[in-house]
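> Provided below are the primary sequence and the corresponding predicted coordinates.
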Amino acid sequence: MIVKRVLYVIIFLMVSASLCAAAGVYYISNTVTTPLELKQNTLFSIEKGGSAYRTIKQLRNKEMTDISPIVAKVWLKFFAASTDIKSGTYMLLPGQSLADIFTIFTQGDEYFFSVSLVEGLTLAQWHNTLKGIGEIEFDLGQQAATDSASSLSSVASSSSEAEALEPDMTSILLSQTNTLAKLGVSKSEKLDNTEGLYLADTYFFTKGTKASEILTRAHIALVDFLTSEWEAREVDLPLATPYDALILASIIEKETAVPEERDLIAGVFVNRLHKNMRLQTDPTVIYGIGPSFDGNITRKHLRTRTPYNTYVIKGLPPTPIAMAGKAAIRAALNPRTTDALYFVAKGDGSHQFSNTLSEHNAAVRQYQLRR
């Protein structure tokens, strides 16, 4: 009898222990699969060297979960699929559980931020954009505080002056021998500033990405797109290299914000280049003036010789004057067939195009002088 009683007690204890263990497992499972206390999408960062338990402690401190320290430790020790979490910034969504987000943490599925690098802006303006985004590590020195054109009064500036202008990206792009060669730019020329050598677009990045890394991606994207479009360009263009097309595209970006006008603007400039006429486009003059330009272009500005004053020089300026997007590049390489040689702003963002100088002068009187 005594043996039977002892046996019953042992069985009872074993069953009780099993039930308790099962209840514990159920409780832990229920806890880690219960949705977190999130009412909206929430960014959450894990620093380098952070442990799984420390991460749960962060979540508790932010009142995203009420899991107890003991339960957390047991789950991490015996039940979590993986505790090898990756540092980074993650987007947590309402409805996700602790188990869900730990899958994200261990897979390193970081949240991607975005930055729109807008066409028609200068490199200095892009620098300011990049510098203003807290998730980007800005590593481009003091260039963002200055205008690229400020030291463009002479394109033949020394290499030491070029390094002072933009030491980081100049050296990075100079190391991109193959990409520059594809554009028709040799390492020994035209790299005293890297204006225009990046594709205007939206770029995605993880927190802590360096600004120089984003610009390097934009440069490679520009080279890939431009060289592809160059192969499909219109025949008989007065453009010797893809870089020439890029210069023209940058002028188109500055001349019009009306999508339907881009290829027509390109057609006018192509016609003028074919006839060896000066381009006479104000944006190039303004770029050559640099940061001292006060918004009022004068006759003196139009007569002052700079490498960018297309009222004085013939042909294209030596470098792009802004960043170009895909549409402007396509327009430069596929201009609309037209007899127009002139255009003037109408005051509403669009332009009046003319075939002859007399027509153009009449349009100037109508849209400019009588305003």
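Thanks, I have it. Predicted, not measured: the structure shown is a model, and the values here were computed from it.

> which SS state does Arg305 fall under?
At Arg305 the chain is in coil, as set by DSSP: H, G, I helix; E, B strand; the rest coil.

> equivalent analysis for Leu246, please.
helix.

> ok, which stretches of the stretch 51-200 of the chain are helices?
Residue ranges of the helices in the stretch 51-200 of the chain, as given by DSSP state H, counting those that start in this stretch, are 52-61, 69-74, 98-107, 123-131, 159-165, 167-174, 177-183.

> could you list the low-pLDDT ranges of the stretch 151-300 of the chain?
151-168, 176-177, 186-192 (pLDDT under 70).

> can we see that at 90?
Across the stretch 151-300 of the chain, the ranges flagged by pLDDT under 90 are 151-194, 257, 290-298.

> all strands for it, in order.
201-205 (DSSP state E, counting those that start in this stretch).

> ok, now the stretch 1-150 of the chain?
42-46, 88-92, 113-117.

> now the second one: mean pLDDT?
Model confidence over strand 88-92, given as mean pLDDT, is 95.

> give the other helices and strands that it contacts.
strand 42-46, helix 98-107 (3 or more C-beta pairs under 8 Å, 6 or more residues apart in numbering; DSSP states H and E). C-beta here means a position set from N, CA and C on the backbone, and glycine is covered the same way.

> right, so those: which one is the most enclosed?
helix 98-107 (a mean of 19; mean count of other C-beta atoms under 10 Å).

> what angle separates it from strand 88-92?
Interaxial angle, helix 98-107 versus strand 88-92 (axes from the mean of the first three to the mean of the last three C-alpha atoms, to 10 degrees): 150 degrees.

> which helices and strands sit right next to helix 98-107?
helix 2-33, helix 52-61, strand 88-92.

> could you list every residue that touches the residue sitting nearest the centre point of the chain?
With distances taken as C-alpha atoms, centre = their mean, Tyr203 lies nearest the centre of the chain, 4.0 Å away. Contact analysis of Tyr203 by C-beta atoms under 8 Å, 6 or more residues apart in numbering lists 114-115, 117, 214, 217-218.

> filter the residues you listed to the buried ones?
Neighbour counting over these (16 or more other C-beta atoms under 10 Å) leaves 115, 117, 214, 217-218 as the buried ones.

> let me see the contact set for the nearest residue to Leu197 once chain neighbours are set aside.
Leaving out its chain neighbours, the residue that sits closest to Leu197 by C-beta to C-beta, 6 or more residues apart in numbering is His219, at 5.5 Å. Counting by C-beta under 8 Å, 6+ apart, His219 touches 173, 176, 179, 194, 197-199.

> tabulate those residues (CSV), appending distance to Leu273 and neighbour count.
What follows is the contacts of His219, written out as CSV (distance: C-beta to C-beta, whole Å; neighbours: other C-beta atoms under 10 Å):
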residue, distance to Leu273, neighbour count
Leu173, 27, 21
Gln176, 28, 18
Thr179, 26, 18
Thr194, 24, 24
Leu197, 22, 27
Tyr198, 25, 26
Leu199, 24, 24
